[in-house]
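Undergrad: Okay, sequence plus prediction incoming.
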Amino acid sequence: MTYTPIPKGTDSWDVPVNAAFVDQDTRITTNAANITANGVSIAALQTLTNTLERQPSERGFKSWTMQPETTQSLGTIAVSGAMRLQRHKLRVASTITNLHMGVLVVGSGLTAGQNFMGIYDTAGNLLAQTADQSTNWTTVGMRTSPLTAPINLPAGDFYVGFLANGTTPPTFARGHDNSSSFINGLTPSGQHLYISNGAGLTALPATVSLVNTSSTAFWSGTS
């Protein structure tokens, strides 16, 4: 109801005034009910969140493929010239500055200018990438790879990809190395969790195919 001033001396002035108060009471009642309902929803959501497994933010990450302690003691050596991509999910919009991999066995004879990580959207388009990692991947442990420029991503899914080239590529931390149909579950083509793309690559392509599944669940993280 829109307030309309009542001219002085108006007969039956009580009618519009009472109507205005009734409208106000109705709005207060409705808003109170909404606040109560939203409060219950927020509390229920918090309770649900508290029951979830450890989240990336508890370890300083923005996203990851799996909890680090679920990775295996033996990793899998990267295939030279072949990309591997892992699907990530952001619960809220975030700025991504770094990508991370776990190197269990260092690479040797890595080809300078041909080892990279990058971020792809769910259509397979390259959004951001790191500088060359041929030196960074010759040290064991958690390896941090800064993007050439931070990127703002909306809440939702995206892919982290890596490409290694050299005589002996690094052995990266992973979860299970099983059949591709098992680790990707029932996800439809183009929405798989672990992807294999290309061969003989020396740089990150501008677009990738998200159709071919990988049988290796590599660990990767973002921050």
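TA: Perfect, thanks for sending it.
Undergrad: With adjacent residues omitted, what lies nearest to residue 150?
TA: residue 97 (4.5 Å; CB to CB, 6 or more residues apart in numbering). (C-beta placed from N, C-alpha, C; glycine too.)
Undergrad: before we move on, what SS does the one you found have?
TA: Assigned by DSSP: H, G, I helix; E, B strand; the rest coil, the conformation of residue 97 is strand.
Undergrad: what's the spacing between it and residue 78?
TA: Applying CB to CB, to the nearest Å, the value for residue 97 to residue 78 is 23 Å.
Undergrad: So which of these two has more stuff around it?
TA: Comparing residue 97 with residue 78 by other CB atoms under 10 Å, the one with more neighbours is residue 78, at 26 against 15.
Undergrad: I figured that one hits residue 103, correct?
TA: No - using CB atoms under 8 Å, residue 78 makes no contact with residue 103, being 10.0 Å away.
Undergrad: Walk me through the domains of this structure.
TA: Using automatic domain parsing, the domain ranges for the chain come out as 1-52, 58-222.
Undergrad: Could you check which helix or strand contains residue 20?
TA: Assessed by DSSP states H and E, residue 20 sits inside helix 14-50.
Undergrad: what's the following helix or strand after that helix?
TA: In N-to-C order, the element after helix 14-50 by DSSP H and E is strand 63-64.
Undergrad: who touches that next one?
TA: Residues outside strand 63-64 that contact it (CB atoms under 8 Å, 6 or more residues apart in numbering) are 56, 88-90, 94, 219-222.
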